[in-house]
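Visitor: my questions are about this predicted structure, shown below with the sequence.
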Amino acid sequence: MPLQPPPHDHNGEVVPHDHDGINVADGIIRRISPQHLIYDEKSGGMKISSAAFNPSSGPNGGMSVDLQAQIEEAGLSATQYVTSPPWLGSVRFTAGSLRAEGYQVGFDPLADNPYHGEVWGLFTKSRQRRLKQLCIWFVPIPGASI
């Protein structure tokens, strides 16, 4: 079922919110680009940097994500939808795991991505490391680890 529109402020910007239509088990996908990868001396391969879990510099500072249920309800393949260049791969959370860490998970559709969401909350270095622990590969990048 399509999500209800998100709340907006007086400037028309989506305000941080925890969207009722995003269920606890719903997949929350974070795309990974080459800029999110760093060399891992232990493995000799690449790994995802905690910087991959930074909020955007936008007015409300959320972490940009894609909402798996909405992509699939539209009849699209979520794995294909989230891997257009420059995005090499992606990781997945559940909305419930993010909320358990004190984050809000909301709907923030964009003109070029109607399945876009945001995760709002504190993004300290320790919390970014925690986000790395919570996610799993959705579209793995060959030779890279989380």
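Guide: Okay, I see it.
Visitor: so what's Val119 bridging to?
Guide: Met63, Val105 (DSSP bridges).
Visitor: what about it, how many neighbours?
Guide: Other residues near Val119 number 25, with proximity taken as other C-beta atoms under 10 Å. Where you see a C-beta, it was placed from the backbone N, CA and C, and this is true even at glycine.
Visitor: residue contacts, it?
Guide: Contact analysis of Val119 by C-beta atoms under 8 Å, 6 or more residues apart in numbering lists 28, 62-63, 65, 98, 103-106.
Visitor: change it to 6 Å
Guide: 62-63, 65, 98, 103, 105 (C-beta atoms under 6 Å, 6 or more residues apart in numbering).
Visitor: how about the residues you listed in TSV, adding neighbour count?
Guide: Formatted as TSV, those follow (neighbours: other C-beta atoms under 10 Å):
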residue	neighbour count
Gly62	22
Met63	22
Val65	26
Leu98	24
Tyr103	24
Val105	28
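Visitor: which one of these is nearest Ala52?
Guide: In terms of C-beta to C-beta, no member of the contacts of Val119 lies closer to Ala52 than Met63, at 9.2 Å.
Visitor: isn't the closest one up against Ser57?
Guide: No - using C-beta atoms under 6 Å, Met63 is not in contact with Ser57, being 11.5 Å away.
Visitor: just the strands in the chain please.
Guide: 27-32, 37-40, 45-48, 63-67, 89-94, 104-107, 116-120, 136-139, 144-145 (DSSP state E).
Visitor: looking at those, which is nearest to Asp18?
Guide: strand 104-107 (4.3 Å).
Visitor: what helices and strands are in contact with the closest one?
Guide: strand 116-120 (3 or more C-beta pairs under 6 Å, 6 or more residues apart in numbering; DSSP states H and E).
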